[in-house]
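Colleague: Show me the folded form of this:
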Amino acid sequence: MTTIRKSNERGHADHGWLNSYHTFSFADYFDRSHMGFRSLRVINEDRVSPGAGFGTHGHDNMEIISYVLSGALAHKDSMGHVETLRAGEFQRISAGTGIAHSEYNGSPEEPVHFLQIWIKPEQHGLKPSYEQVKISEEEKLGKLVLVAAPEGGAMEIHQDARVLLGQVEAGKQLEYGLEKKRGAWVHLIRGEATVNGKKLSTGDAAGVTDEAQIAIQGEAGNSEVLVFDLA
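Modeller: Predicted coordinates:
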């Protein structure tokens, strides 16, 4: 079964400095039918104005992944990391026993556009850790790249989940086999595509259960997609 979650059905918050869309319940947006998908708890699409950002705040017992789509995201945390992420870069924070961090727009002139993703860890009380990687245009074109997984991915996450990133050209197809009893969440970052024959536009998503295969067909230009393979 493939169920579509339309972009315009997401929660929305416009704070002036922050324009955010919530795929699942988050902050003041609550929807009992969209509390997450298996271990995937949050996908927020954030646009932050120049010079603005999230001041120092805490997290614990969560795998937090950020993916910068455009602009620059300045990061600082209690583990001693001071970094700037640019378009195409991923950051993974395992909050574990507790971390504090801030995320600001790293440019005084351009907005930053990024996805913030939370995945529930398989166990609480892990030691906090940090990773940052860049996925090039060449790496993701025409294929699905394993960005994060318990092992074998560009980054390690502490959950039986796999996060894949790909680009598919119009008229071409990406295929992904799904093991029995697993489910997938497919988020279309940009473009036009079909997932198992169902049409998605920018910001739309599809929840896939009881299927052995995911077929992502490009419909216009280069469409970029995130696939979450979840126990």
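
Colleague: what about A13, how many neighbours?
Modeller: Burial measure for A13: 15 neighbouring residues, criterion other CB atoms under 10 Å. C-betas here are computed from N, CA, C, even on glycine.

Colleague: So which residues of the protein form helices?
Modeller: Counting by DSSP state H, residue ranges of the helices within the chain are 137-140.

Colleague: Nearest residue to the middle of it?
Modeller: Of all residues in the chain, the one closest to the mean position by CA atoms, centre = their mean is I117, 4.4 Å from it.

Colleague: That residue bridge partners, please.
Modeller: Beta-bridge pairing for I117 (DSSP bridges): I43, I65.

Colleague: my read: it touches S66, true?
Modeller: Yes - contact criterion CB atoms under 8 Å: I117 and S66 qualify, at 7.3 Å.

Colleague: For D60, which non-adjacent residue is closest in space?
Modeller: In this structure, D60 finds its nearest non-sequential neighbour in G98, 4.3 Å apart by CB to CB, 6 or more residues apart in numbering.

Colleague: In contact with that neighbour, which residues?
Modeller: Each residue near G98 by CB atoms under 8 Å, 6 or more residues apart in numbering is listed here: G58, H59, D60, P128.

Colleague: Could you do Y104 as well?
Modeller: V48, G51, A52, G53, F54, L73, A74.

Colleague: and those, which of them are in strands?
Modeller: V48, G53, F54, L73, A74 (DSSP state E).

Colleague: tally of neighbours for the closest residue to the third one other than its chain neighbours?
Modeller: If I follow you right, that is F54. Leaving aside its sequence neighbours, F54 sits nearest to E103 (CB to CB, 6+ apart; 4.7 Å). A count of nearby residues for E103, using other CB under 10 Å, gives 24.

Colleague: With the one 5 residues further on instead?
Modeller: Applying other CB under 10 Å, we find 7 other residues in the vicinity of P108.

Colleague: mind checking how far it is from G16?
Modeller: Distance of P108 to G16, given as CB to CB, to the nearest Å: 17 Å.

Colleague: how does the protein divide up, domain by domain?
Modeller: By the record's domain assignment, the chain is partitioned as 10-134, 137-230 (automatic domain parsing).

Colleague: by contact count, what packs against the top strand by length along the chain?
Modeller: What stands out as the longest strand in the chain, according to DSSP E, is strand 213-230. Strand 213-230 sits against strand 161-169, strand 173-177, strand 183-195, with contacts defined as 3 or more CB pairs under 8 Å, 6 or more residues apart in numbering; DSSP states H and E.

Colleague: which of those strands sits most buried?
Modeller: The highest mean neighbour count among the helices and strands packed on strand 213-230, using mean count of other CB atoms under 10 Å, belongs to strand 161-169: a mean of 23.

Colleague: pLDDT of that strand, averaged?
Modeller: Mean pLDDT, strand 161-169: 98.

Colleague: Please renumber the chain so that the first residue is 636 from this point on.
Modeller: Let's use 636 as the start, then, which means that last one is strand 796-804.

Colleague: Outside of it itself, list whatever touches it.
Modeller: 673-675, 700, 702, 752, 754, 770, 772, 775-785, 788, 792, 809, 811, 828, 851-853, 856-866.
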